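**Q** task: produce atomic coordinates for the following.
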Amino acid sequence: MTGEELPIAFLRQLPYGSFAEQKQPSYPLSTENIIAIGRDPRCQIVLDALLYGSVSRRHVEIRPTAKTTESGLPTWWVCDLDSSNGTFLNRRRLRGCKILKTGDRVSLGQNGPEFVFEYQSSARSTNPASLPPQSIPSLLPIPSSVTFTQLFPILSTGRDLTQKAYLAPAVITIGFVVSMFVAVGNAIVFNLLLAGYLALAAFYSVYQLCGKQKPWWVFLGAAIATVVLLRSPILPLFIIIFRQVLPGQVPAAGESVNLLVLLIRMFFGAGLMEELLKALPLIGFFWLGRSLPSPWRERVGIWEPLDGILLGAASAVGFTLLETLGQYVPDIIQNTTLQLGDDPRQLGLQLLIPRLLGSISGHIAYSGYFGYFIGLSVLNPKQSWLILTIGYLTAAGLHALWNASGSLSPLLLALVGILSYAFLGAAILKARTLSPTRSQNFATRLRR
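**A** I've put the predicted structure just below:
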């Protein structure tokens, strides 16, 4: 036995993300030295940069104070170091420093890693002044006995699940799985459910990368508005303008067209026409937000690039679902000569899956990218026309390149899809740095 006393107080890290089932360490606090927490290897408590991307390099410090509690125990300050995503004490934004109390929860970012401040139970009956400095061990995890809530974690962390990103996808997935089992034999309903799930998964990935909360009914409204536009007289009018007046005529079946002519036609007939159609709901939400009082105007409207990306992606979901289920799959089934024994419903399902998965690098990428420029024009109104023109032409160009490459090579089609998604990913990263609400966003990393 060494005769060492247990530390007086410590920070206990709470379960986080996909590591919720793993035992998290506890870190003893020193009455002499400052303890820094962050991603910098020079911090006393170093957090994994890949797992905790929202944490700053030096995010927060725990500093010993000269004050003591009523029972004579030492106290510590918790101080935010001007971190990018902020420090939250008991879910409230920390400004400067504040003395920690038993049970206080320190969160590094609104949805980042969380620590609980606790005094060692044996320290309550010990005079801390009698403990020599060398009795404080190095920052190693403190072993603890198994508790009832550790054996049944749902009793202690069940309520926190509603605020975690992995609960909603699991619940929705289970709902879709059960619904698809019920719909087996009904091809129309089954395809609709599968299409809805794949499109929702594609949008959710963009939502998590953007990291900004916005009401779900706003996204649903953007998707429905796009579907309504496609079913309205506006679509035939756009077809006349872009495909008859302008050189955007879609090649007829069996028509031989060289690559340059095909690109031009797709640029006008697909890129410019469809991207403008999908952008109309965004313009509507922009003006609607301007007319509403706060806080509804911030929730509904477009005020920054992240808003534009999210609403653009939602609009693309509505466009993709209607185009795929209402036109692409039925037309292919009708116009394809089936071999003996082929099932049209099976062929439709085979076409449905890759078509919708392609929306991640297709319509969602183009519309989200154009949405970035719509939001950027709001932040820079004096240069709005230049910003919108560049964004519109770029999104239309990527769209045209995708459509044209599909007739040349599957490999080229894949490369264009990756390029489109890279454009969207770059726009999301830039939008996160420009966001006026950056400290309140739950931005994640492209890699974890």
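**Q** where along the stretch 151-300 of the chain do the helices fall?
**A** 154-157, 167-182, 187-210, 216-230, 234-240, 259-266, 273-291, 296-300 (DSSP state H, counting those that start in this stretch).
**Q** now do the fifth one: everything it contacts.
**A** In other words, helix 234-240. Residues outside helix 234-240 that contact it (Cβ atoms under 8 Å, 6 or more residues apart in numbering) are 229, 273, 276-277, 280. Where C-beta positions appear, they are placed from N, C-alpha and C, glycine not excepted.
**Q** tell me how far that helix is from the chain's mean position?
**A** Its chain's average C-alpha position is 34 Å from that of helix 234-240, according to Cα atoms, centre = their mean, to the nearest Å.
**Q** go on, the third one?
**A** Centroid displacement of helix 187-210 relative to its chain, using Cα atoms, centre = their mean, is 15 Å.
**Q** okay, angle between it and helix 167-182 too, please.
**A** 170 degrees (axes from the mean of the first three to the mean of the last three Cα atoms, to 10 degrees).
**Q** could you give the mean pLDDT of helix 187-210?
**A** Average pLDDT, helix 187-210: 83.
**Q** same check on the first one?
**A** Computed over helix 154-157, the mean pLDDT rounds to 64.
**Q** what residues sit buried inside stretch 240-251?
**A** By neighbour count on 16 or more other Cβ atoms under 10 Å, the buried set for stretch 240-251 is 242-243, 246, 248-249.
**Q** nearest to L411, of these?
**A** G248 (26.4 Å; Cβ to Cβ).
**Q** what are the phi and psi angles of that closest one?
**A** With angles defined as degrees, to the nearest 10, G248 sits at phi -120, psi 30.
**Q** do K67 as well
**A** phi -90, psi 160.
**Q** quick one: the strands in the stretch 1-150 of the chain?
**A** For the stretch 1-150 of the chain, strands defined by DSSP state E, counting those that start in this stretch occupy the ranges 9-13, 26-28, 35-38, 45-46, 60-68, 74-80, 87-89, 92-93, 97-99, 105-108, 114-119.
**Q** may I see those strands organised as TSV, with distance to L263 and mean neighbour count added?
**A** What follows is the strands of the stretch 1-150 of the chain, written out as TSV (distance: least, Cβ to Cβ, whole Å; neighbours: other Cβ atoms under 10 Å):
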stretch	distance to L263	mean neighbour count
strand 9-13	54	21
strand 26-28	59	20
strand 35-38	49	22
strand 45-46	51	16
strand 60-68	53	16
strand 74-80	52	19
strand 87-89	51	22
strand 92-93	51	11
strand 97-99	60	15
strand 105-108	48	21
strand 114-119	52	20
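**Q** now render those strands as a markdown table, adding mean pLDDT and distance to G391.
**A** Rendered in a markdown table, the data for the strands of the stretch 1-150 of the chain read as follows (pLDDT from 0 to 100; distance: least, Cβ to Cβ, whole Å):
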| stretch | mean pLDDT | distance to G391 |
| --- | --- | --- |
| strand 9-13 | 90 | 42 |
| strand 26-28 | 89 | 47 |
| strand 35-38 | 92 | 36 |
| strand 45-46 | 91 | 40 |
| strand 60-68 | 90 | 38 |
| strand 74-80 | 92 | 36 |
| strand 87-89 | 93 | 35 |
| strand 92-93 | 90 | 33 |
| strand 97-99 | 91 | 43 |
| strand 105-108 | 93 | 34 |
| strand 114-119 | 92 | 38 |
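**Q** could the ones you listed be laid out in JSON lines, adding distance to N380?
**A** Output for these, formatted as JSON lines (distance: least, Cβ to Cβ, whole Å):
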{"stretch": "strand 9-13", "distance to N380": "41"}
{"stretch": "strand 26-28", "distance to N380": "45"}
{"stretch": "strand 35-38", "distance to N380": "33"}
{"stretch": "strand 45-46", "distance to N380": "39"}
{"stretch": "strand 60-68", "distance to N380": "34"}
{"stretch": "strand 74-80", "distance to N380": "30"}
{"stretch": "strand 87-89", "distance to N380": "31"}
{"stretch": "strand 92-93", "distance to N380": "28"}
{"stretch": "strand 97-99", "distance to N380": "37"}
{"stretch": "strand 105-108", "distance to N380": "32"}
{"stretch": "strand 114-119", "distance to N380": "37"}
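**Q** CA atoms of stretch 275-289 as PDB?
**A** Output in PDB follows, covering the C-alpha atoms of stretch 275-289 (Å, rounded to 0.1, in the frame of the first residue of the first chain):
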ATOM      1  CA  GLU A 275     -32.400  24.200 -61.100                       C
ATOM      2  CA  LEU A 276     -34.600  27.300 -61.500                       C
ATOM      3  CA  LEU A 277     -37.700  25.200 -60.800                       C
ATOM      4  CA  LYS A 278     -36.200  23.800 -57.700                       C
ATOM      5  CA  ALA A 279     -35.100  27.200 -56.600                       C
ATOM      6  CA  LEU A 280     -38.500  28.800 -56.800                       C
ATOM      7  CA  PRO A 281     -39.600  27.300 -53.400                       C
ATOM      8  CA  LEU A 282     -36.500  28.800 -51.800                       C
ATOM      9  CA  ILE A 283     -37.300  32.200 -53.100                       C
ATOM     10  CA  GLY A 284     -40.800  31.800 -51.700                       C
ATOM     11  CA  PHE A 285     -39.500  30.800 -48.200                       C
ATOM     12  CA  PHE A 286     -37.100  33.800 -48.400                       C
ATOM     13  CA  TRP A 287     -39.900  36.300 -48.800                       C
ATOM     14  CA  LEU A 288     -42.100  34.500 -46.400                       C
ATOM     15  CA  GLY A 289     -39.500  34.700 -43.700                       C
END
